[in-house]
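Trainee: Provide a 3D model corresponding to the input given below.
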Amino acid sequence: MTSGEPSSRPEPPDLAEEERRLAAFLAGQSALVLAVVPDTDSPPEIGSLPFVQHDDAFWVLASELAAHTRPLMERGMARVALIADQSATRNPFARERAHWEARVEPVERKDERFAIITAALQKRHGKTVELLCGLGDFHLLGLRPGGGSYVNGFAKAFELDGLSLRRHRRI
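Mentor: So this is what the prediction gives:
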């Protein structure tokens, strides 16, 4: 190939720019989707919960009445996904999304972090949070992301380490 011919391979993405794009995507999301396997003989339970991002984790209030809560607390791990609004996506195959394996961190009501994190949840999601905190079946759970993946278009897939890009994924 001569220097005047176009390269058949696109230029690698600017990781600093992609890191900013990931941060903006995370800031624009208000609910996550999670999956947890209750036990080896059961299919995964799936839930969707409003969250707030705080201290490198996604924090949710989960009710014991929801099928996913008990397995979250007992197994201590889940898969978490954030998915761009379908109406804002031009091509559903290139829909912006991120997912992680996550470690579950319960926070008891007497823990000083409970008041701080639930205040952040209330600031983001309104007075309903105050009501839920008064109900005994709701638990504050932190979902600490580990390894994962972020996709924001064709040939724009990245490995994640927590909330940070690790590297561009290629075939």
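Trainee: Would you map the helices across the chain?
Mentor: Using DSSP state H, the helices of the chain run over 15-27, 69-75, 112-125, 128-133.
Trainee: Of all these, which one is nearest Ala57?
Mentor: helix 112-125 (9.0 Å; Cβ to Cβ). No exception for glycine: its C-beta is placed from N, CA and C like everyone else's.
Trainee: which residues touch Ala62?
Mentor: For Ala62, the contacting residues are 47, 49, 68-69, 72, 138-139, 141, by Cβ atoms under 8 Å, 6 or more residues apart in numbering.
Trainee: which residues are contacting stretch 112-131?
Mentor: With contact meaning Cβ under 8 Å, 6+ apart, stretch 112-131 is reached by 30, 50-52, 54, 59, 61, 107-108, 133, 140, 142.
Trainee: So which of these belong to strands?
Mentor: 50, 52, 54, 59, 61, 107, 140, 142 (DSSP state E).
Trainee: Run through the residues that contact the third one.
Mentor: Residues near His54 by Cβ under 8 Å, 6+ apart: 116-117, 120.
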